[in-house]
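Peer 1: Quick one: sequence plus predicted model below, questions after.
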Amino acid sequence: PNPEGDSDADGLKDREEVDIGTDPHRADTDGDGIADGDERQAGSDPKDATSVPNFYLINEVMFQPSDGPQWVEVVNRSLTPIDVTGWDLVNTSGSVAVDFHEGSLPPGEYLVVNLGMSGPLRLSDALLLKDANGRVVDVVVWGSSAGNTVPSAAWLSGEFVSTQDFIAGESIGRDANVAD
C-alpha cells in the first residue's frame with residue numbers, strides 16, 4: 001500500500017488502515033455495506049459488522065393519509081452509496097411493507113416508497129428498517145401502544161422517534177430542512 005494514498009477509495013489513507021487494522025485494499029473491511037472511512041467518521045468500528053452507524057434512516061412516514069397512499073421516505077446521510085439489496089421495511093405485525101430486492105441509495109439521496117392506498121401501517125404502529133442481515137438499523141414508533149410491540153432487540157440500535165399525538169393526514173418527519 002501507498003501510506004499517503006487511499007488504495008480502496010474508502011476515505012482512509014492506507015497508513016491509517018494499517019494502524020487500525022482494516023484492509024487497505026477493501027473499502028468495506030467488515031462487509032456491512034458501509035465504507036471504512038464512513039464508519040470511522042461516525043464512531044463505528046469498521047472491523048465489526050455488528051457496529052453499524054445510523055447513516056440511513058426513516059426520514060418521514062405518512063401512516064394515515066387523508067387522501068392518497070401511505071408512504072415512507074428513507075435517506076442516506078453517508079458520504080458513499082449504501083447497498084440496500086435485501087433490506088426490508090417491516091411493521092410490528094411482521095408485515096413487510098417493502099423488500100428492497102436490489103439497488104443502492106446514493107449519498108445524500110432520499111427514496112420515497114409508495115406503500116399503496118391500503119398500506120400495512122396502522123394508527124398505532126412502528127416501522128422498522130432492517131438491513132440484509134436482519135439487523136434493525138432504524139425504528140419509528142407512533143401511537144399510544146405501538147412501543148409495546150417493538151422487538152426488544154430493536155431498541156438497541158438506530159435512532160428512534162416516538163409520537164402519540166399525530167392525526168390522519170399528518171406525516172411524521174425528522175428532517176425539518178426538507179420540503180415535501
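Peer 2: Received it, and whenever you're ready, just let me know what you need.

Peer 1: only C-alpha atoms for contact and neighbour calcs from this point on.
Peer 2: Noted.

Peer 1: now residue 124, nearest residue through space, not along the chain?
Peer 2: residue 143 (3.9 Å; Cα to Cα, 6 or more residues apart in numbering).

Peer 1: Residue 62 now?
Peer 2: residue 171 (4.4 Å).

Peer 1: could you list every residue that touches that neighbour?
Peer 2: Contact analysis of residue 171 by Cα atoms under 8 Å, 6 or more residues apart in numbering lists 60, 61, 62, 63, 64, 65.

Peer 1: same question, residue 16
Peer 2: Per Cα under 8 Å, 6+ apart, neighbours of residue 16: residue 3.

Peer 1: List the buried residues for the helix or strand hosting it?
Peer 2: Secondary structure assignment for residue 16, by DSSP states H and E: helix 14-20. By neighbour count on 16 or more other Cα atoms under 10 Å, the buried set for helix 14-20 is 14, 15, 16, 17.

Peer 1: same thing with stretch 83-103?
Peer 2: 83-92, 97-98, 100.

Peer 1: Can you give me the distance of residue 103 to residue 132?
Peer 2: Distance, residue 103 to residue 132, using Cα to Cα, to the nearest Å: 12 Å.

Peer 1: list residues touching both of the two?
Peer 2: By Cα under 8 Å, 6+ apart, the residues touching both residue 103 and residue 132 are 84, 85.

Peer 1: Now find how far off-centre stretch 84-97 is within its chain.
Peer 2: Counting by Cα atoms, centre = their mean, to the nearest Å, stretch 84-97 is centred 12 Å from the centre of its parent chain.

Peer 1: which residues sit against that stretch?
Peer 2: For stretch 84-97, the external contacting residues (Cα under 8 Å, 6+ apart) are 98-105, 115, 119-121, 125-132, 134, 146, 149-150.

Peer 1: same thing but 7 Å
Peer 2: For stretch 84-97, contacts defined as Cα atoms under 7 Å, 6 or more residues apart in numbering pick out 98-105, 115, 120-121, 125-132, 149-150.

Peer 1: Can you flag the buried ones in the residues you listed?
Peer 2: Among the contacts of stretch 84-97, the ones that count as buried (16+ other Cα under 10 Å) are 98, 100, 105, 115, 120-121, 125-132, 150.

Peer 1: and which of the residues you listed is nearest to residue 3?
Peer 2: Residue 3 lies nearest to residue 105 out of the buried ones among the contacts of stretch 84-97, by Cα to Cα, at 30.5 Å.
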